[in-house]
Every structure is written in structure tokens, then in C-alpha cells.
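S.K.: Next one to model:
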Amino acid sequence: MNYIDTKYISLISHRLRNFTKKGDFLWNFSCPFCGDSQKNRKKARGFIYRTKNDLFYKCHNCSHGTNLSKLIEYVDPNTHKEYVMERYKEGSNGTPYKGAYKTPEPDFDFEKPVFKTFDGLSSFADLDENHPAVKFLSDRMLPRDTWNDIYFCPNFFEFTNRYVPNKFPSLGGDHPRMIIPFRKEDGTIFAYQGRAFGKEPQKYITIILDKDCPKIFGLDRVDTSRSIHVVEGPFDSLFIDNCIAVAQSDLRVPKYKDKVVLIPDNEPRNKQVCKQIEQCIKDGYSVVLWPSSVKEKDINDMILSGYTSVEIQELIHSNTHKDLQAQTVFSSWKRI
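M.R.: Below you'll find the model as predicted:
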């Protein structure tokens, strides 16, 4: 570290909310990556600090950590170019570099942030009935008692960058999405899915905040002492008793293999779906194979076409198969 580092910290300080110098080689300010608290603008949990001869940045809210060079680049790219050139000329020990200035990446060992709600977002239960996004849930006929844990996000890219800094480097094309939180058994959020309202390139974007958790929606609601239904999409799971969603085509849940009933989409002509079902049967899972009288693709579509949740539950119960029986029914069910 040399005087150039402190010079450029001073140059970007006006861009850092609540910037203060706390001591020798220690500066504090509101985190530019996550924005710190959206409720209290005076919160400041980001720190620049010295380790050996280098300066590093760490936020004690979102846990983002990096070196000083990358912090400057994120806050002010133009100033960063000047910083790199000056370091290039000077060198950390007074000799010129033959490439762009780099400092080593620090090793961080901080606890993951724990939270049970999203700052600054309104649940659909709190939105005005005339809000344009409300019509989307109404049209999908999602049960009203689930609306309190589905959120409206006006700027998905900007929102996500608070929790996963620089996940979306460019905010161009930012747009509103519905936020569906994935919770652990204790209710803390470990992931969330952003569902598009319009024709955005990706209908679903899933953001993982804790990679140690299995990507399963509904862990906070499921009773693991009973039979567990497994579907692909979170919406479908909200219509069925004791149901979780895996947010992917592979429905297998090894942890609860003896308790789960897998409910794949009703697509007998889809090669990928059929391949997944065939593998699940081989692995010894109980699988629902819908009768030919059901024309709809999934549970939400069945609700929209007039089926009740009770009727769907009865169909699931009477069309659950396993082992040899499942293989026999599957052979006549598939259309490929």
C-alpha cells in the first residue's frame, strides 16, 4: 500500500454514502454493492482495511469482499483507469509494472447474511387491487392465502445486485418481476426466483444466496413425517397438500426418496420429460402418470380449466405408480 491508494480512496469518497475515516488504514461507509439498509440511510457496514501491505474491502451486511482496485472500478470506472495507470507508473515498490496493477484476492470467512424478508418490496397481498401486477396472480388463480409471501419487484437487476453484487453488471433492460422466496425450514431465505410478467428472454431466473442448501421451494411449509408431493414449479406446489417444488425438470429428492411422490408435467410427447420419468422409475421413486382424460400440461393449467384442488388430489392418489406397475403404465402413457 502507498500514498496512491489513499489518494484514490479520497477521490471516490464523495460517491460513498456516509463515508468516514475511522482510523489509520480504516475507512467506513455504506456498501455500494448492496446499498446497505434501504430503511435506514445512515447504516454503514462497508469497510476498507489493511492486511499486511494491501487494502481490501468488506461489507458486513451482504458479505461481499474484494480488493481496493476492484472496489474503485465498481464505484467509478473512469477513476479506476487513472488509478491503474498511476500504479503502473509507480509500482507498489517504486518500479514500473509490465501489466495492469493487481493486488491479491483476500480470503474471507464471514457468516452468510440471514434474513426472512426483503427490504423495500411489497407482497402481492399488500398491493392495491388495481395494481397491474395483481391481475397476473388473479389470472393464474393462485390461492389468496399465498399472496403474502410473493413479492413485486419493480427493478429485478438492481434488486438482485444488493444480494449478489454485480450479478447484473449492466442495468440496461432492467424490468419488473415477481419474486418467489425459497426458505429453509426455519423460514430464512436461501434463494429466490424471479418470474417475468412479459416476454423477457428468461421466463424464470433463480438466484441462489446459499449454495449449501438444496434448491427446493416449500421447505418451510412441508411436513416431512407425511407423504410429500414433488412438482417442478413453485406455482403448482401451492395448489397441492404437502407439496414442494424443485424448480427444475429432475424431480428426484434423494433425502426423502421413501416419502416423495413425483408429479412430472403431463407431456407424453416430450422426450426430455419422458427420459426423466423413466429414470425416476428405474431409481425406485413413486411417480404420477396422468390419465388420458387429463389434457392439461400441469397443475396450474388444470386449475385454470376448472379442476378443483380436491379433484386433482384424488387424481394424484389414483394415478401414482411405482416399480413394475410404473414401468407398465409408462410404456402406454408415453407417445415417443
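S.K.: Could you list the domains of the protein?
M.R.: Per automatic domain parsing, the structural domains of the chain span 3-90, 112-213, 214-336.
S.K.: mind putting those in a markdown table, mean neighbour count included?
M.R.: Using the backbone N, CA and C atoms, a C-beta is placed for each residue, glycine as well. Output for the domains of the chain, formatted as a markdown table (neighbours: other C-beta atoms under 10 Å):
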| stretch | mean neighbour count |
| --- | --- |
| domain 3-90 | 17 |
| domain 112-213 | 16 |
| domain 214-336 | 17 |
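S.K.: Can you lay out these as JSON lines showing mean pLDDT?
M.R.: Below are the domains of the chain laid out as JSON lines (pLDDT from 0 to 100):
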{"stretch": "domain 3-90", "mean pLDDT": "87"}
{"stretch": "domain 112-213", "mean pLDDT": "90"}
{"stretch": "domain 214-336", "mean pLDDT": "95"}
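S.K.: any idea which helix or strand carries the residue nearest the centre of the chain?
M.R.: Among the residues of the chain, the one closest to the centroid is residue 207, at 2.0 Å (C-alpha atoms, centre = their mean). Using DSSP states H and E, residue 207 sits within strand 204-208.
S.K.: so what strands line up beside the helix or strand following that strand?
M.R.: Counting by DSSP H and E, the next helix or strand C-terminal to strand 204-208 is strand 228-231. Applying DSSP bridges, strand 228-231 is found paired with strand 243-245 (parallel), strand 260-262 (parallel).
S.K.: Pop out the phi and psi values for residue 191.
M.R.: phi -170, psi 170 (degrees, to the nearest 10).
S.K.: Just grab the bridge partners of it for me.
M.R.: residue 182, residue 208.
S.K.: so who does it touch?
M.R.: Counting by C-beta atoms under 8 Å, 6 or more residues apart in numbering, residue 191 makes contact with 181-182, 206-210, 213, 215.
S.K.: follow-up on the earlier one: so the residue nearest to the centre of the chain sits against residue 164, correct?
M.R.: Yes - counting by C-beta atoms under 8 Å, residue 207 does reach residue 164; the two are 6.2 Å apart.
S.K.: Can you name every helix or strand that the longest helix seen in the chain contacts?
M.R.: Taking DSSP state H as the criterion, the chain has its longest helix at helix 77-90. Packing partners of helix 77-90 (3 or more C-beta pairs under 8 Å, 6 or more residues apart in numbering; DSSP states H and E): helix 3-12, helix 68-75.
S.K.: can I get the contacts of residue 191 in JSON lines with distance to residue 244?
M.R.: Converted to JSON lines, the contacts of residue 191 look like this (distance: C-beta to C-beta, whole Å):
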{"residue": "181", "distance to residue 244": "14"}
{"residue": "182", "distance to residue 244": "10"}
{"residue": "206", "distance to residue 244": "15"}
{"residue": "207", "distance to residue 244": "19"}
{"residue": "208", "distance to residue 244": "17"}
{"residue": "209", "distance to residue 244": "18"}
{"residue": "210", "distance to residue 244": "17"}
{"residue": "213", "distance to residue 244": "13"}
{"residue": "215", "distance to residue 244": "11"}
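S.K.: which helices and strands sit right next to the helix or strand containing residue 235?
M.R.: Under the criterion of DSSP H and E, residue 235 resides in helix 234-237. Judged by 3+ C-beta pairs under 8 Å, 6+ apart, helix 234-237 is in contact with strand 243-245, helix 299-304.
S.K.: contacts for it?
M.R.: 140, 142, 180, 193, 217-218, 229, 231, 243-245, 247, 263, 298-300.
S.K.: re earlier: quick one: name whatever helix or strand follows the longest helix of the chain.
M.R.: Later in the chain than helix 77-90, the nearest helix or strand by DSSP H and E is strand 122-123.
S.K.: Quick check: neighbours of that next one in the sheet, parallel or antiparallel?
M.R.: In the sheet, strand 122-123 lines up with strand 151-153 (antiparallel) (DSSP bridges).
S.K.: Residue 313: helix or strand, and which one exactly?
M.R.: Per DSSP H and E, residue 313 falls inside helix 309-318.
S.K.: Tell me which other helices or strands that helix touches.
M.R.: helix 299-304.
S.K.: I'd assumed residue 130 was in a strand, is it?
M.R.: No - Residue 130: not assigned to a strand; according to DSSP: H, G, I helix; E, B strand; the rest coil it is coil.
S.K.: Might you report the residue contacts of it?
M.R.: Applying C-beta under 8 Å, 6+ apart to residue 130 gives no contacts.
S.K.: gap between it and residue 36?
M.R.: Applying C-beta to C-beta, to the nearest Å, the value for residue 130 to residue 36 is 33 Å.
S.K.: give me every residue that touches residue 39.
M.R.: Contacts of residue 39 by C-beta under 8 Å, 6+ apart are 119-120.
S.K.: ignore the last one, residue 119
M.R.: Contacts of residue 119 by C-beta under 8 Å, 6+ apart are 37-39.
S.K.: Who are the packing partners of the strand holding residue 207?
M.R.: Looks like strand 204-208 contacts helix 156-163, strand 189-196 (3+ C-beta pairs under 8 Å, 6+ apart).
S.K.: Just want the angle from that strand to helix 156-163.
M.R.: Relative orientation of strand 204-208 versus helix 156-163 (axes from the mean of the first three to the mean of the last three C-alpha atoms, to 10 degrees): 10 degrees.
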